[in-house]
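Colleague: need a 3D model of the following:
(chains A, B, C and D)
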There are 2 protein chains.
Amino acid sequence: MTAKRANYHHGDLRAGLVEATRQLVEEKGPDRFSVSDACRAAGVSTAAPYRHFGDRDEMLLAVCSDGMERFHALMTSAVAGKPPGTLEVIHDLGMAYIEFATSEPGVFRLSFGIAREHEKDAEIIERGKRNYAILLTQIAAHYGKTAIDEQVLDRAFALWTMVHGLSFLLIDEKITAMDLQIDIEAVIRDNTRRLLAE
Amino acid sequence: MTAKRANYHHGDLRAGLVEATRQLVEEKGPDRFSVSDACRAAGVSTAAPYRHFGDRDEMLLAVCSDGMERFHALMTSAVAGKPPGTLEVIHDLGMAYIEFATSEPGVFRLSFGIAREHEKDAEIIERGKRNYAILLTQIAAHYGKTAIDEQVLDRAFALWTMVHGLSFLLIDEKITAMDLQIDIEAVIRDNTRRLLAE
DNA sequence: TACATATGTTAGCGCCTCTAACTTTGGCAA
DNA sequence: TTGCCAAAGTTAGAGGCGCTAACATATGTA
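Modeller: Residues are numbered from 1 along each chain as shown, chains lettered A, B, ... in the order given. So this is what the prediction gives:
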């Protein structure tokens, strides 16, 4: 798999390593990932990454940040061109969450799971808040409000816990392990309705 | 920390290693844990564990299995002596889940998170099902049923996703990272009521 | 009491992360 | 155009880890 390279310099090794890391994180999981593997994939020596990243964790952080950008695009397109605040669009936001979690479980774990130092990274937090704001806006619209009040915050958080939990149960294969038959769309639809009711 | 030992033989090294592993998993997280660290804590050579465990993962599996036993005790005592099926007892079950997750986040991650080969371990699966059965029983009672029908399965699963998601948001510090003010008891109480309604 | 077995040790292989010191190269100033 | 500097590669190696093979010691049973 070691990509041979004509030039001494790579061109854009940083991006190459982020992509290699992303792939490996999906293949082996965030903990099984090794810097050496990423180097082999990118066709450079094992010392090369340290010109671009402080350490292994910083490589994962870059993949995480990258992933949150893709997730933002997913959420944005989930609400695009739809009447705001409807149960349908809120359902679609939930499905976008699940979609991201199941299509990129490794990156999802990095972005929404394990609290490394990620939580202290300003960029990551900002992206998280921006993504959450999309949900808050839709919930406010659902109740015909313009401001984010207590009810909006509460219900948004309830929906978040639900899709977050469902995502992890799915990617950790708890559902199959427990022999449960789950219709994801139905779960999200029914529980969204119940959590927003009254 | 290296516990010196008078005898050549340890006495009960297996248990000693499980306990050392559990502690390290809490201190450093399941991925940062190292067999060497556990050996130092138990005061044995780094080759000793392999008389009791096949590999590193098996040590973690033992900690996981152990943890599920404690979790079972927690759930059992949460329902003990209370009228079955009430919102209160179901709320208490949810709180027990959160309690376990937040008091033993490392073990919680092992038991309810990352799908290693754990999902294929018969004992782990059996303990998981036994714990889930406690919830199913209470939900059935809530609806005045004796059998576990579709509605019971659906609502139990909804509650599971909720407390599971809340647990991860808590231990991964997403709530503080997003500057949210959450009253855990209230979240569980309100959402339990909503998810069980109608 | 002797010995088989369980359970420990030491030595060491191969892999990993990360650093120090060296090399190549592209871009810019003279 | 050329010469030099900084950026971005390389090799070598220290120190740690997981795990195995070979050896050592204690324990329980014939």
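Colleague: neighbouring contacts of stretch A:74-84?
Modeller: Here stretch A:74-84 makes contact (CB atoms under 8 Å, 6 or more residues apart in numbering or on different chains) with A:88-89, A:92-93, A:95-97, A:99-100, A:131, A:134-135, A:137-138, A:141. In this view, the C-beta of every residue, glycine as well, is placed from N, C-alpha and C.
Colleague: let's see that with 7 Å instead.
Modeller: A:88-89, A:92-93, A:96, A:99-100, A:131, A:134, A:138, A:141 (CB atoms under 7 Å, 6 or more residues apart in numbering or on different chains).
Colleague: check stretch A:152-159 too.
Modeller: So stretch A:152-159 is in contact with A:94, A:135-136, A:139-140, A:143, A:145, A:192, A:195-196, B:180, B:182, B:187, B:191, going by CB under 7 Å, 6+ apart.
Colleague: highest neighbour count among these?
Modeller: For these, the largest number of neighbours (other CB atoms under 10 Å in any protein chain shown) sits with residue B:191, at 27 neighbours.
Colleague: now for that residue: which residues touch it?
Modeller: Counting by CB under 7 Å, 6+ apart, residue B:191 makes contact with A:158, A:195, B:162.
Colleague: ok, and of the contacts of stretch A:74-84, which contact DNA strand C?
Modeller: Subset of those in contact with DNA strand C: empty, counting by CB under 7 Å from any atom of the strand.
Colleague: contact partners for whichever residue of chain A sits closest to chain B?
Modeller: Relative to chain B, the nearest point of chain A is residue A:165 (2.8 Å; CB to the nearest CB). Applying CB under 7 Å, 6+ apart to residue A:165 gives the contacts B:161-162, B:164-165.
Colleague: skipping its backbone neighbours, what lies nearest it in space?
Modeller: residue B:165 (2.8 Å; CB to CB, 6 or more residues apart in numbering or on different chains).
Colleague: where does that neighbour land on pLDDT?
Modeller: pLDDT for residue B:165: 98.
Colleague: tell me which element it is part of?
Modeller: Per DSSP states H and E: residue B:165 is located in helix B:150-171.
Colleague: can I have that helix written out in PDB, keeping just the CAs?
Modeller: Output of helix B:150-171 as PDB, limited to C-alpha atoms (Å, rounded to 0.1, in the frame of the first residue of the first chain):
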ATOM      1  CA  GLU B 150     -44.000  -4.600  20.800                       C
ATOM      2  CA  GLN B 151     -45.000  -1.600  22.800                       C
ATOM      3  CA  VAL B 152     -42.900  -2.600  25.800                       C
ATOM      4  CA  LEU B 153     -39.900  -3.300  23.600                       C
ATOM      5  CA  ASP B 154     -40.300   0.000  21.800                       C
ATOM      6  CA  ARG B 155     -40.600   2.100  24.900                       C
ATOM      7  CA  ALA B 156     -37.800   0.300  26.800                       C
ATOM      8  CA  PHE B 157     -35.500   0.800  23.800                       C
ATOM      9  CA  ALA B 158     -36.500   4.500  23.700                       C
ATOM     10  CA  LEU B 159     -35.600   4.900  27.400                       C
ATOM     11  CA  TRP B 160     -32.400   3.000  26.800                       C
ATOM     12  CA  THR B 161     -31.300   5.300  24.000                       C
ATOM     13  CA  MET B 162     -32.100   8.300  26.200                       C
ATOM     14  CA  VAL B 163     -30.100   7.300  29.300                       C
ATOM     15  CA  HIS B 164     -27.300   5.800  27.100                       C
ATOM     16  CA  GLY B 165     -26.900   9.100  25.200                       C
ATOM     17  CA  LEU B 166     -27.100  11.200  28.300                       C
ATOM     18  CA  SER B 167     -24.400   9.000  29.900                       C
ATOM     19  CA  PHE B 168     -22.000   9.500  27.100                       C
ATOM     20  CA  LEU B 169     -22.700  13.200  26.800                       C
ATOM     21  CA  LEU B 170     -21.900  13.500  30.500                       C
ATOM     22  CA  ILE B 171     -18.700  11.400  30.700                       C
END
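Colleague: what residues does the very next helix or strand once past it touch?
Modeller: Note on helix B:150-171: by DSSP H and E, the next helix or strand toward the C-terminus is helix B:174-177. For helix B:174-177, the external contacting residues (CB under 7 Å, 6+ apart) are A:119, A:125, A:128, B:169, B:182.
Colleague: quick one: residues contacting the second one.
Modeller: Taking CB under 7 Å, 6+ apart as the definition of contact, the neighbours of residue A:125 are residue B:177.
Colleague: now residue A:148: closest residue in space that isn't a chain neighbour?
Modeller: In this structure, residue A:148 finds its nearest non-sequential neighbour in residue A:136, 5.4 Å apart by CB to CB, 6+ apart.
Colleague: angles on the backbone of that neighbour, please.
Modeller: phi -60, psi -40 (degrees, to the nearest 10).
Colleague: against DNA strand D, how distant is it?
Modeller: From residue A:136 across to DNA strand D, the span is 39 Å (CB to the nearest atom of the strand, to the nearest Å).
Colleague: just the element for the residue positioned nearest the centre of chain A, please.
Modeller: Centroid-nearest residue in chain A, with CA atoms, centre = their mean: residue A:108, separated by 4.0 Å. Residue A:108 belongs to helix A:105-112 when assigned by DSSP H and E.
Colleague: report the rounded mean pLDDT for the top helix by length along chain A.
Modeller: Ranked by number of residues, the top helix in chain A under DSSP state H is helix A:56-79. For helix A:56-79, mean pLDDT rounds to 97.
Colleague: check which residues of that helix are buried.
Modeller: In terms of neighbour count (16 or more other CB atoms under 10 Å in any protein chain shown), helix A:56-79 has its buried residues at A:59-68, A:71-72, A:74-75, A:78-79.
Colleague: for the residues you listed, which one is nearest residue B:13?
Modeller: residue A:60 (34.5 Å; CB to CB).
Colleague: how far away is the closest one from residue B:188?
Modeller: For residue A:60, the distance to residue B:188 equals 32 Å [CB to CB, to the nearest Å].
Colleague: what does residue A:194 give?
Modeller: For residue A:194, the distance to residue B:188 - CB to CB - is 15 Å.
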